[in-house]
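Engineer: sequence and predicted model, in that order:
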Amino acid sequence: MKLLFLLALPLLAAEDPYSYMRAGSADDALTTGSGGTVLMGGGKDVDAAFRWMVERSGNGDVLVLRARGTDAYNPYILKLGPANSAATLIVRSREAAADPFVVDKIRHAEAIFFAGGDQWDYIRLWKDTPLAAAVQDRIDAGYPVGGTSAGLAVLGQYYFSAEFDTVTSAEAMANPNSEKIALGKDFLKIRYLENLITDSHFSARQREGRLEVFLQKIGVAEIVGLGIDEATAVLLSADGTATVVGRAKAHVHAPGQPPRHFADGEAVLFR
């Protein structure tokens, strides 16, 4: 009996390939979105950014995507505005990222938000899968998308994947050829984020140096780096206008130009 019990433990400990948790209305909304992207820098969530996203969803169904974690965003989102529902979908494998249930829940969302965590999870588990294709379809259909911290990292055309762990500014500047500077592109395609790479926790973790190295490594003449501080977000509208909300600043870096800094209420100029 003891042997049988020990053999059963791995089965009991195995996680489901995905988890779905929903709050609010059980019936899907049918709304018209007005697009837009929430670019949030991590740390404390920015209430105004979530209200903006819910409004641009047409007060529809908000879906939080993550590879690990909890459904803590669900009650938070519902407290902020009249969303029809708030749900969290935790997708833990590439196989799950192709599951019809997972894809269907994405295709019925009017706003999609990538939570924080580890962006390498999102790249290795979700890139070039039906999950990513479904998110892209919702973006193309005019529904808002957003992300914070690791979720922010995958929204620009270029991204730092963290495949070999994170890298500090000191490490990146000391060794620009380090394998830790793992860059990629085209997880998603979002208008006005072409030739752009994002970075989060920007001032708190002193990431100016590493962002400059990222830009050099990418080597595209038009490349722009957008660093966003904690408790701060950039709200990018469908017409390309962008505004800062939150406690701190957004920082724009471009090759051969001095950094530009934008505070709460200011329009952000990407170019």
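Structural biologist: Received the coordinates, thanks.
Engineer: so where do the helices sit in the stretch 1-150 of the chain?
Structural biologist: Read by DSSP state H, counting those that start in this stretch, the stretch 1-150 of the chain holds these helices, from start to end of the chain: 2-13, 47-56, 73-80, 100-107, 119-126, 130-140, 150-153.
Engineer: so which of those helices is nearest residue 250?
Structural biologist: Closest of the helices of the stretch 1-150 of the chain to residue 250 is helix 150-153, at 11.2 Å (criterion: C-beta to C-beta). Glycine gets a C-beta too; all of them are placed from N, C-alpha and C.
Engineer: so which elements touch that closest one?
Structural biologist: Under the contact criterion of 3 or more C-beta pairs under 8 Å, 6 or more residues apart in numbering; DSSP states H and E, the helices and strands touching helix 150-153 comprise strand 37-40, strand 111-114, helix 119-126, strand 196-199.
Engineer: dump those to TSV, plus distance to residue 179, mean neighbour count and mean pLDDT.
Structural biologist: Formatted as TSV, the entries for the helices and strands packed on helix 150-153 read as follows, by distance: least, C-beta to C-beta, whole Å; neighbours: other C-beta atoms under 10 Å; pLDDT from 0 to 100:
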stretch	distance to residue 179	mean neighbour count	mean pLDDT
strand 37-40	27	28	98
strand 111-114	25	27	99
helix 119-126	13	21	98
strand 196-199	18	26	98
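Engineer: still on that earlier bit, out of the helices of the stretch 1-150 of the chain, deepest packed?
Structural biologist: Using mean count of other C-beta atoms under 10 Å, the stretch among the helices of the stretch 1-150 of the chain with the greatest mean number of neighbours is helix 150-153 (a mean of 26).
Engineer: follow-up on the earlier one: quick one, which of the helices of the stretch 1-150 of the chain is nearest to residue 63?
Structural biologist: Proximity of the helices of the stretch 1-150 of the chain to residue 63 was assessed by C-beta to C-beta; the nearest stretch is helix 100-107, lying at 6.5 Å.
Engineer: if we look at that closest one, which residues are touching it?
Structural biologist: Residues outside helix 100-107 that contact it (C-beta atoms under 8 Å, 6 or more residues apart in numbering) are 18, 20, 63, 65, 87, 89, 91, 96, 112, 130-131, 134-135, 137-138.
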